[in-house]
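In: Below are the sequence and a predicted model; questions follow.
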Amino acid sequence: SKFAKGFRIKTFKPLKIDSLYPESIVVGTIKTLNKIYVIDYLIKAFSIVKQRNSNISLKLLIVGDGALKQNLEQLVNELNIGDNTIFTGNVNHKDISFYHNLIDVFVALSLNESFGVAIVEAQACGKPVVVSNVGGLPEVVEDNLTGFVVPSKDPEGAAIVIEKLILDPELRVKMGTSGRKRVAELYDWEKCVNKMISIYSNFDFKS
């Protein structure tokens with residue numbers, strides 16, 4: 001059930017920080033760089049958006065490390081977006097909220113994912129999200145309200161909605177605000193605990 005997925009919303013929240021990329025709109029993800037998260041689809045989608053919007057300063061921020069890092073760096077260079085892409089490598093878990101707040105549009109195009117903790121974290125930080133229509137991701141993202149749910153294995157489809165968010169700052173704010181509100185209602189740890197206590201308190205163990 002939804003409330004069984006406890007989440008500390010006080011840890012992940014919008015922060016007023018000095019951006020490392022103040023002149024750019026940042027598209028990004030926070031994932032282990034392995035096959036199931038298909039970061040290459042994100043890179044290809046970003047490349048499409050960049051080609052269509054060469055007049056806009058864009059950055060692709062890939063937070064995390066993994067076995068495919070070298071392959072992904074090679075792909076970035078092949079697509080000529082090396083100057084626009086940042087690989088952070090492994091980061092300390094306590095800094096994850098900071099990196100979420102550097103990202104303007106969070107993207108997770110996973111092949112499969114049971115719940116999508118990073119997506120919930122991004123929404124808690126007030127960020128619009130783009131996710132693939134797999135596993136539990138459509139459950140944590142309300143399509144067209146807190147972000148966009150796109151077909152799996154479709155970089156072109158992902159590029160369309162990423163571009164839409166890049167070109168519409170008001171939509172980014174609106175979806176980000178709705179996302180944080182939804183996370184607070186459904187996944188806030190304290191509310192989850194209280195709901196569980198209420199359920200168990202009303203349960204007749206003798207029956």
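Out: Noted; the coordinates are in hand.
In: For Phe148, which three-state class applies?
Out: Judged by DSSP: H, G, I helix; E, B strand; the rest coil, the three-state class of Phe148 is strand.
In: unless I'm mixing things up, it is touching Val161, no?
Out: Yes - contact criterion C-beta atoms under 8 Å: Phe148 and Val161 qualify, at 4.0 Å. Every residue, glycine included, has its C-beta placed from N, CA and C.
In: Mind listing the shared neighbours of these two?
Out: Val130 (C-beta atoms under 8 Å, 6 or more residues apart in numbering).
In: List the buried residues of stretch 142-149.
Out: Residues of stretch 142-149 classed as buried by neighbour count (16 or more other C-beta atoms under 10 Å): 146-149.
In: Stretch 150-170 too?
Out: Buried, per 16+ other C-beta under 10 Å, within stretch 150-170: 150, 152, 154-155, 157-166.
In: now those as CSV including secondary structure, distance to Leu111 and pLDDT?
Out: Formatted as CSV, the buried residues of stretch 150-170 follow (DSSP: H, G, I helix; E, B strand; the rest coil; distance: C-beta to C-beta, whole Å; pLDDT from 0 to 100):
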residue, secondary structure, distance to Leu111, pLDDT
Val150, strand, 13, 98
Ser152, coil, 6, 93
Asp154, coil, 12, 97
Pro155, helix, 13, 97
Gly157, helix, 15, 97
Ala158, helix, 13, 98
Ala159, helix, 18, 98
Ile160, helix, 20, 98
Val161, helix, 18, 98
Ile162, helix, 18, 98
Glu163, helix, 23, 98
Lys164, helix, 23, 98
Leu165, helix, 22, 98
Ile166, helix, 24, 98
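In: quick check, nearest of these to Lys35?
Out: Within the buried residues of stretch 150-170, the smallest distance to Lys35 is 13.5 Å, found for Ser152 (C-beta to C-beta).
In: still on that earlier bit, TSV please, covering the buried residues of stretch 142-149 and showing distance to Leu75 and pLDDT.
Out: TSV is the format used below for the buried residues of stretch 142-149 (distance: C-beta to C-beta, whole Å; pLDDT from 0 to 100):
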residue	distance to Leu75	pLDDT
Thr146	29	97
Gly147	25	98
Phe148	23	98
Val149	25	98
